[in-house]
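> Build me a structure from this.
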Amino acid sequence: MYQLYDSLYRSDSNLKIDLINIGGISNPLLFPFKLLKYHKILKEYNVLHAQYGSGTGFFTSLFSNKKILSLRGSDWYYFPSNNVLERFHSWLSCKLTRWCIKRFDSIIVMSERMKVELKSEFSTLSVQVIPDGINLSKFYPVRNKAKSFRVLFSSINRNNRLKRFDLAEKAFAIFREKHPDSELVFMNDVSHDKVNELINSVDVILLTSTHEGWPNIIKEGLACNVPFVSTEVSDLRTIAEKTGSCFVCEDNPESLANGLTKATLREGEKNIRYLAQQFDILEISKRLIELYKNSFNC
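Alright, predicted model coming up:
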């Protein structure tokens with residue numbers, strides 16, 4: 001987020017943008033006090049941009065300023081977890097988003113798929129697809145491939161049920177039966193300045209999520225010419241249809257393992273960095289600035 005705001009400043013020096021952290025608002029007893037506190041602060045701004053739905057969006061929707069809401073994914077998609085608390089949290093998050101969404105002047109979503117789903121429920125809303133940007137100067141191809149075929153699991157947290165590490169593990173086990181020299185790689189304890197090096201050391205990124213806004217790891221992989229094998233999430237099928245190097249599969253181990261096998265052949269184009277150009281953070285910044293100015297002038 002700080003990287004985005006830095007690029008916004010560099011894109012238009014006449015635009016004054018502040019990043020304000022309202023803190024946790026899960027305690028309903030503290031909610032009125034937060035409203036009183038931030039009413040004095042936020043009323044001075046021409047446009048408020050809530051960076052998440054759920055409680056953050058609901059809180060922001062109560063102000064009379066021009067308002068923009070960015071939906072990230074987990075604030076829109078309900079996750080039917082086996083864990084009761086997780087299930088309730090997801091239900092409440094999605095409900096709060098839907099309760100407040102009509103109070104915003106513009107909605108930003110991460111993918112065309114989200115836009116279609118949103119418009120099917122709220123046809124009159126003004127919705128734009130502006131995914132989070134990445135710094136293409138920090139993610140680029142280098143020759144760093146190992147001898148073994150390396151598969152990068154897309155999530156840092158293997159216990160995140162949304163990411164379904166168990167599905168990735170089963171798919172890789174099937175794949176490895178025919179490719180014993182392959183290796184499943186994780187991002188654990190990798191500093192930010194080493195992520196480009198890690199991505200360039202693998203042959204494919206495996207994503208097994210239940211849903212996504214637009215996964216940054218896939219954007220970064222494309223920028224490094226590293227293809228993906230994934231479940232049907234976000235706009236990844238649209239990307240896969242543009243190149244024979246990436247594959248969207250059914251969410252079962254056999255289909256994903258088959259996708260990994262296809263990835264070993266790498267019969268599609270090798271240079272897929274151009275697919276990441278649309279996520280250049282400077283271009284994303286320009287689109288946001290245009291939206292801010294239009295919101296202020298309308």
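> May I have the one helix or strand Glu254 maps to exported as CSV, CA atoms only?
Assigned by DSSP states H and E, Glu254 belongs to helix 253-265. As requested, the backbone C-alpha atoms of helix 253-265 are provided in CSV (Å, rounded to 0.1, in the frame of the first residue of the first chain):
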residue,chain,number,x,y,z
PRO,A,253,-5.6,-33.1,-7.5
GLU,A,254,-5.7,-35.0,-10.8
SER,A,255,-6.5,-32.0,-12.9
LEU,A,256,-3.9,-29.9,-11.2
ALA,A,257,-1.3,-32.6,-11.6
ASN,A,258,-2.1,-32.8,-15.3
GLY,A,259,-1.6,-29.0,-15.5
LEU,A,260,1.8,-29.3,-13.9
THR,A,261,2.7,-32.1,-16.4
LYS,A,262,1.7,-29.8,-19.3
ALA,A,263,3.8,-27.0,-17.7
THR,A,264,6.9,-29.2,-17.8
LEU,A,265,6.7,-29.3,-21.6
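> any idea where the strands of the stretch 51-200 of the chain begin and end?
Here the stretch 51-200 of the chain has its strands, by DSSP state E, counting those that start in this stretch, at 66-70, 106-109, 127-129, 150-153, 183-185.
> Ok, which of the ones you listed comes nearest Asn271?
Shortest distance between Asn271 and those, using Cβ to Cβ, is found for strand 150-153: 19.3 Å. (Glycine included, C-beta is placed from N, CA and C.)
> for the record, mean pLDDT for that closest one?
For strand 150-153, the mean pLDDT works out to 95.
> what's the answer for stretch 122-136, then?
Here the average pLDDT along stretch 122-136 is 95.
> same question, stretch 245-261
Regarding stretch 245-261, the rounded mean pLDDT is 97.
> what do you get for stretch 86-98?
pLDDT averaged over stretch 86-98 gives 92.
> Check which helix or strand the closest residue to Pro141 other than its chain neighbours maps to.
Of all residues not flanking Pro141 in the chain, Asn225 sits nearest, at 4.4 Å (Cβ to Cβ, 6 or more residues apart in numbering). Assessed by DSSP H and E, Asn225 sits outside every helix and strand.
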